[in-house]
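1. All I have is the shape, not the residue letters:
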């Protein structure tokens, strides 16, 4: 975490000049995630996200993501997934509301370190991003691409049991780094710091609310987004292996 925060401030210091421009924005992210476990080692997670600006209330991003997950053992998990984005303008007051698609396959490795009531989590993700071309304010044929690498360090702490369901504090810090021949000034892409609370409403249903601070360097190098984001997530898990075992019994 200290490393990613250090890179964040190094990038901010690099742009300390009269031309530096920081745009402050407020957003709300709403999401639902469904995980189907159909084998002791295999599961499939599907997500839907709606992301909106606050004041004014305008659409920002719509996201669909699907991920196949495989338990490697020793608290390691391998993931392969695909994300479909619909990106509205980054300026909520823009009069032209062109929505630009992005296609994003990724591979990922997760590692958890349980330490009693505390769990330390690590997520390593590599993405290939395909942005739809635009011309004269309209979509054009073809895509331009680049790579992005992400590392997220997280902490989950079980605060209490309420009606036999866990209440958890979640903290994480994630750094994003761009790569590709079209990346000139913003090798450092962004840093995200998150704090939230999750509660298991049922054995297989969890609700989580939190705050995300998103600081991003734009392609020009001297322009930054400083975003404050309220998040609400519902996570639903369905274990099909239990049903299969019950049918065999």
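-> Yes, it's here. It should be emphasised that the depicted structure is a prediction, and the values quoted were computed from it without experimental measurement.
2. So which residues of this protein form helices?
-> For the chain, helices defined by DSSP state H occupy the ranges 2-14, 240-248.
3. Compare the mean pLDDT across those and name the weakest.
-> Across those, helix 2-14 has the smallest mean pLDDT, namely a mean of 49.
4. The strand ranked longest in the chain - contacts with which helices or strands?
-> Of all segments of type strand in the chain, defined using DSSP state E, the longest is strand 138-162. Packed against strand 138-162 by the contact rule (3 or more Cβ pairs under 8 Å, 6 or more residues apart in numbering; DSSP states H and E) you find strand 100-115, strand 118-135, strand 165-179, strand 188-202. Placement of C-beta: from N, CA and C, glycine included.
5. Kindly reformat the ones you listed as CSV and extend each row with mean pLDDT.
-> Shown next, in CSV, are the helices and strands packed on strand 138-162 (pLDDT from 0 to 100):
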stretch, mean pLDDT
strand 100-115, 98
strand 118-135, 97
strand 165-179, 96
strand 188-202, 96
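6. nearest to residue 212, of those?
-> Evaluated with Cβ to Cβ, these place strand 188-202 nearest to residue 212, the distance being 4.7 Å.
7. Could you list the paired strands of that closest one along with their orientation?
-> Strand 188-202 sits in its sheet next to strand 165-179 (antiparallel), strand 205-217 (antiparallel), going by DSSP bridges.
8. Okay, angle between it and strand 138-162 too, please.
-> Between strand 188-202 and strand 138-162, the angle comes out at 50 degrees (axes from the mean of the first three to the mean of the last three Cα atoms, to 10 degrees).
9. ok, residues contacting strand 188-202?
-> Among residues not part of strand 188-202, those counted as contacts by Cβ atoms under 8 Å, 6 or more residues apart in numbering are 4-5, 7-8, 10-11, 148, 152, 162, 165-178, 206-217, 225, 231.
10. Identify the bridge partners of residue 104.
-> Counting by DSSP bridges, residue 104 is bridged to residue 83.
11. surely it meets residue 126?
-> No - using Cβ atoms under 8 Å, residue 104 is not in contact with residue 126, being 10.9 Å away.
12. neighbour count winner among these two?
-> Between residue 104 and residue 126, counted using other Cβ atoms under 10 Å, the more crowded position is residue 104 (17 against 14).
13. How about the contacts made by the more buried one?
-> Counting by Cβ under 8 Å, 6+ apart, residue 104 has contacts 82, 83, 84, 85, 127, 128, 129, 130.
14. what's the neighbour count on the residue nearest to the first one when sequence neighbours are not counted?
-> Counting by Cβ to Cβ, 6 or more residues apart in numbering, residue 82 lies nearest to residue 105, which is 5.1 Å off, once chain neighbours are set aside. When counting by other Cβ under 10 Å, one arrives at 13 neighbours for residue 105.
15. now the contacts of strand 188-202: which count as buried?
-> 4, 8, 11, 148, 152, 168, 170, 172-178, 206, 208, 210, 212, 214-217, 231 (16 or more other Cβ atoms under 10 Å).
16. Neighbours of the closest residue to residue 81 other than its chain neighbours, how many?
-> Distances taken as Cβ to Cβ, 6+ apart place residue 67 nearest to residue 81, at 3.4 Å, with adjacent residues excluded. The number of residues packed around residue 67, counting by other Cβ under 10 Å, is 19.
17. residue contacts, residue 67?
-> Contacts of residue 67 (Cβ under 8 Å, 6+ apart): 44, 45, 46, 47, 79, 80, 81, 108.
18. In contact with the nearest residue to residue 196 once chain neighbours are set aside, which residues?
-> In space, and not counting its chain neighbours, residue 196 is closest to residue 210: 2.2 Å by Cβ to Cβ, 6+ apart. For residue 210, the contact set (Cβ under 8 Å, 6+ apart) comprises 170, 194, 195, 196, 197, 230, 231.
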